[in-house]
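[1] please work out how this folds:
(one chain, ligands or ions: 1)
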Amino acid sequence: MINVTVWNEGRHEKASREIREVYPEGIHGAIASIFKDCEGINVRIATLDDPECGLPDDVLYTTDVLIWWGHMHHHEVPDELVEKIHGRVLAGMGFIALHSAHASKPFMKLMGTSCTLRWRDDDRERLWTVAPRHPIAKGIPQYFELPNEEMYGEYFDIPKPDDLIFVGWFKGGEVFRSGCTFTRGYGKVFYFQPGHEQYPIYYNETVRRILYNAVLWARPDGQYPPLSCPNTEPLEK
Ligand code: ZN
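    Have a look, this model is predicted:
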């Protein structure tokens, strides 16, 4: 059994009707639905406003892969919790940082760099799969497009990744390392750029497949993959 915990700051959905309409169950709900009814995966959700940020020890210490979405309130995540998450990753927990989680405390601590980047509102993105044999790219086409996405551009101040899986290109001409992997201690880390809160990115079936693949890849060693997942049927070629 793989225990996945989806953590979301969860404030945009509370503050904005527009974003609530995009994500009526919250960004965490949309992401968690990828794993619903997947054989061999147990999914839990956690948000900033839950007691202990939704990650009391009995949750964090039984999480195999932690998925993290945050944006405006990174500073409200207690340093003590960040230390625990960091320790868990070094001990083997997988960590998947999404979109504006590039500036989250846990990701920045894992990277050790500023993780700054360039950004601009409202663009169109084409993502190229540049490591087609990597497990995270399994079943993912050579490229796919997101008709609306915030532009994230280089230079992205991260350490040199283990593998670059996806390169994002924006119609404004910018490029970005949109899918990168890292190893920290015994833990695997995946950063994935798509997921601006104004657009239904986490309902995109290719994005959902990537996150599913990423969980299987990031899980601690010694666990077996689930046998089937109705939410990630093979994508059309
Ligand atoms: Zn954004």
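[2] now for the longest helix that the chain contains, which elements pack on it?
    Secondary structure of the chain per DSSP state H: the longest helix is helix 205-218. Contacts defined by 3 or more Cβ pairs under 8 Å, 6 or more residues apart in numbering; DSSP states H and E place helix 205-218 against strand 2-8, helix 26-35, strand 65-69, strand 94-98, strand 187-192. C-beta here means a position set from N, CA and C on the backbone, and glycine is covered the same way.
[3] C-alpha coordinates for the fourth one, PDB please?
    Which is strand 94-98. Output in PDB follows, covering the C-alpha atoms of strand 94-98 (Å, rounded to 0.1, in the frame of the first residue of the first chain):
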ATOM      1  CA  GLY A  94       8.900  10.900  -1.700                       C
ATOM      2  CA  PHE A  95       8.200  14.700  -2.200                       C
ATOM      3  CA  ILE A  96       6.400  16.200  -5.100                       C
ATOM      4  CA  ALA A  97       6.400  20.000  -5.300                       C
ATOM      5  CA  LEU A  98       3.800  21.600  -7.600                       C
END
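[4] how far does that strand sit from the chain's center?
    The chain centre lies 5 Å from the centre of strand 94-98; the measure is Cα atoms, centre = their mean, to the nearest Å.
[5] packing partners of it?
    Other elements packing on strand 94-98 under the criterion 3+ Cβ pairs under 8 Å, 6+ apart are strand 65-69, helix 105-111, strand 187-192, helix 205-218.
[6] just put the helices and strands packed on helix 205-218 in a markdown table and tack on distance to the ion.
    As requested, the helices and strands packed on helix 205-218 are arranged in a markdown table below (distance: least, Cβ to the ion, whole Å):
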| stretch | distance to the ion |
| --- | --- |
| strand 2-8 | 13 |
| helix 26-35 | 11 |
| strand 65-69 | 10 |
| strand 94-98 | 10 |
| strand 187-192 | 13 |
